[in-house]
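Student: A predicted structure for the sequence below; I have some questions about it.
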Amino acid sequence: MQRLALILGASLLATGPLAADDAQPGAARPPLGLPAVPVPADNPQTPEKIALGDKLFHDKRFSSTGDVSCSTCHERSKAFTDSPLPRSQGINKATGTRNAPTVANAAYFATQFWDGRSADLEDQAQHPFVNPIEMGLPDHEPILAIVRADPEYVNAFRQVFGKSGQGVTLREVQLAIAAFERTLVFGDSPFDRWYYGGDPAAMTPAAVRGFTVFLEQGRCVSCHAIEGDHALFTDNRFHNIGVGINAIQKDVPRLAGEFLKAKARGMDVDQAVLSDRKSSELGRFAITETLDSIGAFKTSTLRNIGVTAPYMHDGSIATLRDVVVHYNNGGVTREGDPVNDFLSGGIRPLNLSDQQIDDLVAFMESLTSPEFAALQAALSTAAR
Ligand code: HEC
Ligand code: HEC
């Protein structure tokens, strides 16, 4: 009976009908516009594991104050972000340096975090628990104490992993959370129905015009990639597009040098970039230690971007229109501000007209999946 309930629960989470020819048990057919979800060989999807990951993702007991869970900053009703916060708030409202990216479709990213410092969802899941400005635990022991003793968890870990007592480790917690996150895939937007589904009425004329700007004069597609049969809207690479870097521009040589010294001495990079504003702005450099990655961040997906304001790694740009203006200015948010020394080659002034800017915004608003369409409607009513 319990097993049946779990299976039913998981199939409600899945976004499409189960594919008959699918070798992965529990894996759902991806929605229109998205490829099959990559699943690591050592962490197969099962309905029971997904249900366990869902529970772990929402459990506030895994924070030092007992009131922060993963879902505090990645809430389903906010398209798995904490919009409209510019920067996330953890325990005791501690505010970090970065904007919470959506976990929707994170299953497809080649790396996790704005600077790609985690290789996959499994690795990523261990960090927030022990980050002092997120969930604030001193170490992972309090989590293990709960999952080894709470009867529901004891049952679930035994059922899913065949483990109990000291046999349950943080690794199983990470595996289950990642399996849950791999079900958070959202496509089937008006753009998908228009471009991949062949429905000419699915997008508005403004959005169709905006798509042309996206491909041509705006050159957005060179980083926010679209393929023949799917679109992730990211090249999974890192670029400096001129956000946040101006705050440290003059100080870069000293800051970069000090950061590397501290890192060599064993500084925790995850904690440093989330709690120190200047370290955060070094971007991908914190991981690669190469000059060409100073101020570079991962290209964001643009799926559901209409409902996840504000924007960029630091939440510094309030609206989609302001984002386009930033690009139109050649990588500076306020026209006339200096262009930073590390700007990526692809970023230069675009000479877009007001009409083209509006059309590009309309195009991005057509990337909202049906699950978040009501949220988008509510936001645009509020804006009027
Ligand atoms: C206090 C708010 C907060 C909490 C709690 C939190 N996150 Fe996050 N999450 C963030 C922020 C901010 C980032 C971006 C940090 C960075 O890139 O340096 C992030 C990034 C991520 C990413 C990377 C997405 C991408 O596009 O690269 C994933 C996945 C994720 N979080 C999952 C989780 C999981 C799982 C938990 C619970 C174990 C969790 N988060 C808890 C705020 C939070
Ligand atoms: C050179 C590669 C590149 C090009 C070209 C580019 N982008 Fe981006 N885009 C990025 C990167 C990298 C980020 C994240 C930057 C950051 O947070 O500092 C980003 C972020 C964004 C965001 C905010 C995402 C979020 O989750 O907050 C939007 C919206 C966006 N881009 C739209 C566009 C549009 C529209 C165009 C064309 C006018 C464009 N981009 C061109 C690389 C690019």
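Tutor: That came in fine, so what should we check first? Ligands and ions are numbered 1, 2, ... in the order given.
Student: From now on I want contacts and neighbour counts done on CA atoms only, so please keep to that.
Tutor: Fine.
Student: could you pull out the strands for the stretch 151-300 of the chain?
Tutor: Ranges of strands within the stretch 151-300 of the chain are 238-239, 297-298, based on DSSP state E, counting those that start in this stretch.
Student: State the distance from the closest residue to F259 other than its chain neighbours to ligand 2.
Tutor: Nearest non-adjacent residue to F259, counting by C-alpha to C-alpha, 6 or more residues apart in numbering: S279, 7.1 Å away. Distance, S279 to ligand 2, by C-alpha to the nearest ligand atom, to the nearest Å: 14 Å.
Student: burial measure for the closest residue to ligand 1 within the stretch 201-350 of the chain, as a count.
Tutor: Closest residue of the stretch 201-350 of the chain to ligand 1, C-alpha to the nearest ligand atom: L274 (5.9 Å). Residues near L274, counting by other C-alpha atoms under 10 Å, number 22.
Student: D67 - how many residues pack around it?
Tutor: 15.
Student: Surely it is within a strand?
Tutor: No. According to DSSP: H, G, I helix; E, B strand; the rest coil, D67 belongs to no strand; its state is coil.
Student: What distance do you get for it to ligand 1?
Tutor: 10 Å.
Student: ok, that residue - contacts?
Tutor: By C-alpha atoms under 8 Å, 6 or more residues apart in numbering, D67 lies in contact with 60-61, 91.
Student: repeat for E172
Tutor: With C-alpha under 8 Å, 6+ apart, E172 has these contacts: 157, 161.
Student: Mind pulling up the pLDDT for the residue of the stretch 201-350 of the chain closest to ligand 1?
Tutor: Turning to L274, the model gives it a pLDDT of 96.
Student: Could you tell me which residues make contact with it?
Tutor: 96-98, 133, 280.
Student: Okay, and which of these map to helices?
Tutor: Applying DSSP state H to those, the entries found in helices are S280.
Student: Buried members of the contacts of L274 into ChimeraX, please.
Tutor: Selecting just the buried residues from the contacts of L274 in ChimeraX takes one command, with 16 or more other C-alpha atoms under 10 Å as the test:
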select :96,97,98,133,280
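Student: ok, which pair from the contacts of L274 is furthest apart?
Tutor: The distance between the two most remote of these (C-alpha to C-alpha) is 13.9 Å, for I133 and S280.
Student: shaky segments in the protein?
Tutor: Residues of the chain meeting the criterion pLDDT under 70: 1-28.
Student: Show me which residues of it sit near ligand 1.
Tutor: Taking C-alpha under 6 Å from any ligand atom as the test, the list of the chain residues beside ligand 1 reads 57, 68-70, 72-73, 88-90, 98-101, 103, 106, 112-115, 121, 125, 128-129, 134-135, 274.
Student: Just those: which are in strands?
Tutor: Using DSSP state E, no member of the residues of the chain next to ligand 1 sits in strands.
Student: are any of these buried, and which?
Tutor: Applying 16+ other C-alpha under 10 Å to the residues of the chain next to ligand 1 flags 57, 68-70, 72-73, 88-90, 98-101, 103, 106, 112-115, 121, 125, 128-129, 134-135, 274 as buried.
Student: mind listing which of the residues you listed are in helices?
Tutor: 57, 70, 72-73, 121, 128-129, 274.
Student: ok, F372 touching F80?
Tutor: No. Counting by C-alpha atoms under 8 Å, no contact exists between F372 and F80, whose distance comes to 10.2 Å.
Student: Tell me which of the two has more neighbours.
Tutor: F80 (21 against 18).
Student: Show me what from the stretch 201-350 of the chain comes close to ligand 2.
Tutor: So far as C-alpha under 6 Å from any ligand atom goes, the stretch 201-350 of the chain lies against ligand 2 at 214, 218-220, 222-223, 238-241, 243, 297-300, 311-313, 320, 323-324, 327, 344, 346-347.
Student: Buried subset of the residues you listed as a ChimeraX selection?
Tutor: Applying 16+ other C-alpha under 10 Å to these, the buried members can be selected in ChimeraX as follows:
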select :214,218,220,223,238,239,240,241,243,297,298,299,300,311,312,313,320,323,324,327,344,347
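Student: Among the residues of the stretch 201-350 of the chain next to ligand 2, which ones are in helices?
Tutor: 214, 320, 323-324, 327.
Student: ok, now which ones touch the nearest residue to G197 once chain neighbours are set aside?
Tutor: Spatial nearest neighbour of G197, excluding adjacent residues (C-alpha to C-alpha, 6+ apart): L32 at 7.5 Å. By C-alpha under 8 Å, 6+ apart, the contact list for L32 reads 187-189, 192-193, 196-197, 230.
Student: Tell me the spacing between F57 and ligand 2.
Tutor: Distance check for F57 against ligand 2: by C-alpha to the nearest ligand atom, it reads 21 Å.
Student: Correct me if wrong: that residue contacts V68.
Tutor: No. The pair F57 / V68 is not scored as a contact, 10.3 Å apart, by C-alpha under 8 Å.
Student: Roughly how far does P151 sit from G165?
Tutor: 11 Å (C-alpha to C-alpha, to the nearest Å).
Student: Neighbour count: those two, which is higher?
Tutor: Set side by side, P151 and G165 show more neighbours around G165, with 14 against 11, by other C-alpha under 10 Å.
Student: hang on, the earlier thing: so for S366, which of the strands of the stretch 151-300 of the chain sits nearest?
Tutor: strand 297-298 (22.2 Å).
Student: ok, residues contacting that closest one?
Tutor: Contacts of strand 297-298 (C-alpha under 8 Å, 6+ apart): 113-116, 236-240, 283-284, 313.
Student: what's the span of stretch 135-145, first residue to last?
Tutor: 16 Å.
Student: and what of stretch 244-262?
Tutor: End-to-end for stretch 244-262, by C-alpha to C-alpha: 22 Å.
Student: please renumber so the chain begins at 31
Tutor: Got it, the first residue is 31 from now on, which makes the last one we talked about stretch 274-292.
Student: just how off-centre is that stretch within its chain?
Tutor: 25 Å (C-alpha atoms, centre = their mean, to the nearest Å).
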